[in-house]
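Q: Return atomic coordinates for the entry below.
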Amino acid sequence: MEERQAEDGEQILLEIANTQMPFGRYAGRYLVDLPEAYVLWFREKGFPGGRLGVLMENLLEIKVNGLEKMVRPLCRDAAYRRRRFPG
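A: Model prediction:
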């Protein structure tokens, strides 16, 4: 059971790093780069259904704990990984 949860956690982190927001003001941005305020707004209004909602709920935990730096290196886009991020 714990092994399954670890695999699920790894998969969620990979998806957060490599999934782009499909709609809205920040369409095309990787989820990890969404502003925290935007993700908090979704928490108040309701996360989208399906896998995107699951990813955004987990993203919120990453954001409020300041762990984005751990997720960004997981992005498969080499040009993105070379970018410099503040902080």
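Q: chain center to stretch 60-79: distance?
A: On the basis of Cα atoms, centre = their mean, to the nearest Å, stretch 60-79 sits 7 Å off its chain's mean C-alpha point.
Q: Endpoints of it, how far apart?
A: 25 Å (Cα to Cα, to the nearest Å).
Q: what comes into contact with it?
A: 13-14, 16-18, 30, 32-33, 36, 39-40, 42-43, 80-81, 85, 87 (Cβ atoms under 8 Å, 6 or more residues apart in numbering). All C-beta spots, glycine's among them, are computed from the backbone N, C-alpha and C.
Q: Work out for me the element the residue nearest to L74 when sequence neighbours are not counted sits within.
A: Nearest residue to L74, sequence neighbours excluded (Cβ to Cβ, 6 or more residues apart in numbering): A17, at 3.7 Å. Using DSSP states H and E, A17 sits within helix 2-18.
Q: Report the buried residues of the helix or strand just after that helix.
A: Later in the chain than helix 2-18, the nearest helix or strand by DSSP H and E is helix 36-45. Residues of helix 36-45 classed as buried by neighbour count (16 or more other Cβ atoms under 10 Å): 39, 42.
Q: Also stretch 11-19?
A: Buried-residue list, stretch 11-19, by 16+ other Cβ under 10 Å: 12-13, 15-19.
Q: for stretch 58-77, same thing?
A: Applying 16+ other Cβ under 10 Å to stretch 58-77 flags 58-60, 62-63, 68, 71-72, 75 as buried.
Q: Could you give the average pLDDT over it?
A: Average pLDDT, stretch 58-77: 94.
Q: Residue ranges in this protein under the pLDDT threshold?
A: Low-confidence segments of the chain, defined by pLDDT under 70: 1-7, 81-87.
Q: Among the buried residues of stretch 58-77, find me the one that's closest to L52.
A: L59 (10.0 Å; Cβ to Cβ).
Q: wait, doesn't the closest one sit right on L40?
A: No. The criterion here is Cβ atoms under 8 Å, and L59 misses it with L40 at 10.7 Å.
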